[in-house]
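Participant: would you be able to build a 3D model of this:
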Amino acid sequence: MQDHALRTLIALGNSVLEESELELVFERVIAAGRELTGARYSALGVLDARRERLERFLTSGIDGETRELLGEPPSGHGVLGELIRDPRPLRLHDVGAHPRSYGFPVGHPRMETFLGVPILVGGEAWGNLYLTEKADGSEFTEDDEQAVVMLARYAGIAIDNARRIHDLSGRRDELERSLAAMRATTEISRALAGETDLDIILELIAKRGRALVGASALLIELVIGDRIRVAAAAGDIDREIVGRDIDIGPTVAGRVLETRRAQRLSDELNRARFDSAGVGHFGLTAGAGLFVPLLFRTETPGVLVALNTPGAGDFSDDDERLLTSFATSAASAVVTARSVGSERLLAREAATEEERRRWARELHDETLQGLGALRLALSAARRTADPEIWRAALDDALAELDTEIANVRGIISDVRPAALDELGLGAAIEALADRFRSRGIDVELKVDLDWEAGRADARHDDELETALYRVAQEAMTNGLKHSGAEALAVEISDADGRATVRVHDYGQGFDPSEAPDGFGLVGMRERVALLGGSLVIDAAPGSGTTVIARLPVRRRPATNGTDRSLAATTAPPNRSASSKRT
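Facilitator: Okay, the predicted model is just below:
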């Protein structure tokens, strides 16, 4: 082989080895074969997995119109198949004269001289490089054969490298998809940590799930009895569909719940279910859909529904794996939130029943028995004509009525103190402290509220005043009932946009780590949480208990002149009041 040809071979071989994309390697090899030998036509045949026929046939030198005219590419019969059966270089003066020649189809360019060389990858036959018709009309030489054999070796190395890079790239992509699923799961877990509001959880799941698979829209359908409800949605979708109930049976979601496996709209039966009985029945259109179950242990609380608009393409198998993995964490959050919601409802119902029992006991043990005793006294007085006895009985009756009126007022005040509506929080807390003082409890009270006489719009709104009052009332009651306190310190204030109620009882205290929340504490926590505040319970055995609630200040809206005049007549004279009584 001449020096010039050798340098050309080395340069062409290096150009082949520089490529890492498999298709580009094919193009370089075909072009290099023509340049090395001066052939008019070249082709690269790729063997199938069983190495029995040609799976692909790439050509150079034949124009597109001729290639279209020739029809299907060859599969490896005739001379082309000879290299498949016997992978050794084959050089022919006249390809048509070979015993295995099948001839050429109509319209095929004239070809006589032929050079075929196998390409080995990893020591095994992978394909063949075919060259025909030298441009100068001469035959292929031994030097041509040696050069193409060397080129085939370069090609084998380049193809092997390109395949390895392709495999590594595939594994990298798979790893990235797995990491994406892990990140999404971690993010949803972190975002939902400590969150128990079901509506907030569903909104987060819908948004994160849609972004994870790039869906046009994502719905969350939850099981409600024997129906399924569209509980949340994200993306390009009519929000009026949220809250709609659907019969489970004939829907795609029903099929998912039954099989506990993902379903797609590409299935004709699922498409019919979607259009006739599912969310498609409400006018929602989708080109593709992926339905994934929310699985948590033995429960299936609902289904994630990822939808793409027509023309946006179907979801891949990787999308299905990602959304299925994501749905596992989402299901855990949904089940937990539902459980917490049920427990809160039970706690509220229990607290309500406890309050009813307390009112019933007070009415029975005090008011009803007092009125019964009054009736007996008056009945006894009726049986005598002595005016003195009548006078004494009437005096006793009036005194007893005064007592029972005070008891009934106390019960009414516990339910809803009139002072809270008429005079505001400060006056209501002062009346509450007076009732505790009447029971022999030492109450130190400090009220410092930003409420000026003549300004009704400076008062806190009704919800905030009610919450502050109830927290103070519950904390004071707990201190008396559970801690055995004989003295209380109560502070109500607002500053820097936050209202604070602080109640400390000088009782026996308790260990918070060992004492579960009672119904009173549950009620306080819920009231404060609903208004975006915080509640702190500081207690220790022998040191009493301190309850501190902080809530963002919310003022009443501005009122008309009549309301301001009324406020001027009812507002307390001082902005701050402090008192200690026994």
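Participant: for stretch 389-404, what is the distance to the chain centroid?
Facilitator: 68 Å (C-alpha atoms, centre = their mean, to the nearest Å).
Participant: pLDDT on that stretch, on average?
Facilitator: Throughout stretch 389-404, pLDDT has a mean value of 74.
Participant: next one: stretch 464-482
Facilitator: For stretch 464-482, the per-residue pLDDT averages 85.
Participant: same check, this time on stretch 200-209
Facilitator: 86.
Participant: now that stretch: buried residues?
Facilitator: Buried residues in stretch 200-209, counted by 16 or more other C-beta atoms under 10 Å: 201-209. C-betas here are computed from N, CA, C, even on glycine.
Participant: can you pull the contacts of residue 149?
Facilitator: 89, 117 (C-beta atoms under 8 Å, 6 or more residues apart in numbering).
Participant: go ahead and confirm residue 41 touches residue 63.
Facilitator: No - applying C-beta atoms under 8 Å, one finds residue 41 not in contact with residue 63, separated by 11.1 Å.
Participant: sorry, back to before: which one of the buried residues of stretch 200-209 is nearest to residue 228?
Facilitator: Within those, proximity to residue 228 (C-beta to C-beta) peaks at residue 202, which comes in at 13.9 Å.
Participant: right, and the closest one touches residue 232 too?
Facilitator: Yes - taking contacts as C-beta under 8 Å, residue 202 lies within contact range of residue 232: 3.7 Å.
Participant: tell me, what's touching those two both at once?
Facilitator: Joint contacts of residue 202 and residue 232 (C-beta under 8 Å, 6+ apart) are residue 220.
Participant: which one's more surrounded, residue 41 and residue 63?
Facilitator: residue 41 (18 against 9; other C-beta atoms under 10 Å).
Participant: what's the closest non-adjacent residue to residue 122?
Facilitator: With sequence-adjacent residues excluded and distances taken as C-beta to C-beta, 6 or more residues apart in numbering, residue 122 is closest to residue 160, at 6.0 Å.
Participant: so which strand or helix has the one you found?
Facilitator: Assigned by DSSP states H and E, residue 160 falls within helix 142-192.
Participant: give the next helix or strand downstream of that helix.
Facilitator: helix 198-213.
Participant: now do that next one against helix 142-192, angle only.
Facilitator: On the basis of axes from the mean of the first three to the mean of the last three C-alpha atoms, to 10 degrees, helix 198-213 is oriented at 170 degrees to helix 142-192.
Participant: quick one: list the elements packing against helix 198-213.
Facilitator: Other elements packing on helix 198-213 under the criterion 3 or more C-beta pairs under 8 Å, 6 or more residues apart in numbering; DSSP states H and E are helix 142-192, strand 217-224, strand 227-235, strand 299-308, helix 317-362.
Participant: pull out the buried residues from the third one.
Facilitator: Put plainly, it is strand 227-235. 228-235.
Participant: could I get these as a markdown table with distance to residue 176?
Facilitator: A markdown table is the format used below for the buried residues of strand 227-235 (distance: C-beta to C-beta, whole Å):
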| residue | distance to residue 176 |
| --- | --- |
| 228 | 34 |
| 229 | 36 |
| 230 | 32 |
| 231 | 31 |
| 232 | 28 |
| 233 | 28 |
| 234 | 24 |
| 235 | 24 |
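Participant: and this protein, what are its domains?
Facilitator: According to automatic domain parsing, the chain comprises the domains 3-167, 192-344, 348-408, 423-581.
Participant: who's in contact with residue 116?
Facilitator: 79-80, 82-83, 89-91, 128-131.
Participant: need the three-state assignment for it.
Facilitator: strand (DSSP: H, G, I helix; E, B strand; the rest coil).
Participant: and it, bridged to which residues?
Facilitator: Under DSSP bridges, the beta-bridge partners of residue 116 are residue 90, residue 130.
Participant: swap in residue 534?
Facilitator: residue 550.
Participant: find the centremost residue of the protein, please.
Facilitator: residue 205 (1.8 Å; C-alpha atoms, centre = their mean).
Participant: measure it to residue 245 for me?
Facilitator: For residue 205, the distance to residue 245 (C-beta to C-beta, to the nearest Å) stands at 20 Å.
Participant: again, but for residue 437
Facilitator: For residue 437, the distance to residue 245 - C-beta to C-beta - is 55 Å.
Participant: these two: who's more crowded?
Facilitator: A direct count of neighbours by other C-beta under 10 Å for residue 437 and residue 245 places residue 437 higher, at 17 against 12.
Participant: hmm, back to that, including distance to residue 471, could the contacts of residue 116 go into JSON lines?
Facilitator: Below are these laid out as JSON lines (distance: C-beta to C-beta, whole Å):
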{"residue": "79", "distance to residue 471": "96"}
{"residue": "80", "distance to residue 471": "90"}
{"residue": "82", "distance to residue 471": "95"}
{"residue": "83", "distance to residue 471": "91"}
{"residue": "89", "distance to residue 471": "94"}
{"residue": "90", "distance to residue 471": "96"}
{"residue": "91", "distance to residue 471": "99"}
{"residue": "128", "distance to residue 471": "87"}
{"residue": "129", "distance to residue 471": "87"}
{"residue": "130", "distance to residue 471": "90"}
{"residue": "131", "distance to residue 471": "92"}
